[in-house]
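> model the structure of this input:
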Amino acid sequence: MLEHFDLHLLARATGSRADEWRADGVSWELHEGPETNKPAAWLILRKGNADGQLTLWTSGEVELDWGSSPADTHCEHREVLDPDDLDRCVDLLAARVRECVSCCLLYTSPSPRDGLLS
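Predicted coordinates for the structure are as follows:
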């Protein structure tokens, strides 16, 4: 594991995807935490009712959290060794958020059992 992973690489990874996300209706926020004994930065992605967060610590640890409701949340822990690993984690989070939106849309479409189709 790295001694100190550059948290600014998360901003670079976000910036390189901004046009794609904007075109796909994905919004994002990028944050840097205060200086502590374990500094972190985090990226929040939103599309529809799905949210995702990637938290990156200077240790190279990454936590991915995503879901569409408190009852439907998922978490995955990874370690990144270089900027390419971080890029893969950012892409994975974006894919998970998009999947949550797609899955939720299945449940919001009208069905015969709702009495909306006849």
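> so what does the regular element (helix or strand) spanning residue 10 touch, helix or strand wise?
Here residue 10, judged by DSSP states H and E, is contained in helix 8-15. Applying 3 or more C-beta pairs under 8 Å, 6 or more residues apart in numbering; DSSP states H and E, we find helix 8-15 packed against strand 27-32, strand 40-47, helix 83-108. Just so you know, the C-beta spots here come from the backbone N, C-alpha and C atoms, and that holds for glycine as well.
> and these, which one averages the lowest pLDDT?
Lowest mean pLDDT within these: helix 83-108, at a mean of 81.
> show me what it is packed against.
Packing partners of helix 83-108 (3+ C-beta pairs under 8 Å, 6+ apart): helix 8-15, strand 40-47, strand 50-57, strand 61-69, strand 72-79.
> among the ones you listed, which is nearest residue 98?
Residue 98 lies closest to strand 40-47 among the helices and strands packed on helix 83-108, at 6.4 Å (C-beta to C-beta).
> now do that closest one and helix 83-108, the angle between them.
With axes from the mean of the first three to the mean of the last three C-alpha atoms, to 10 degrees applied, the angle from strand 40-47 to helix 83-108 works out at 30 degrees.
> between strand 40-47 and strand 27-32, how many degrees?
Going by the same axes, to 10 degrees, strand 40-47 makes 170 degrees with strand 27-32.
> and strand 40-47, which strands flank it?
Paired neighbours of strand 40-47 in the sheet (DSSP bridges): strand 27-32 (antiparallel), strand 50-57 (antiparallel).
> before we move on, the earlier item: Throw the helices and strands packed on helix 8-15 into CSV and include mean neighbour count and distance to residue 53, thanks.
Listed next are those as CSV, based on neighbours: other C-beta atoms under 10 Å; distance: least, C-beta to C-beta, whole Å:
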stretch, mean neighbour count, distance to residue 53
strand 27-32, 13, 9
strand 40-47, 20, 5
helix 83-108, 16, 8
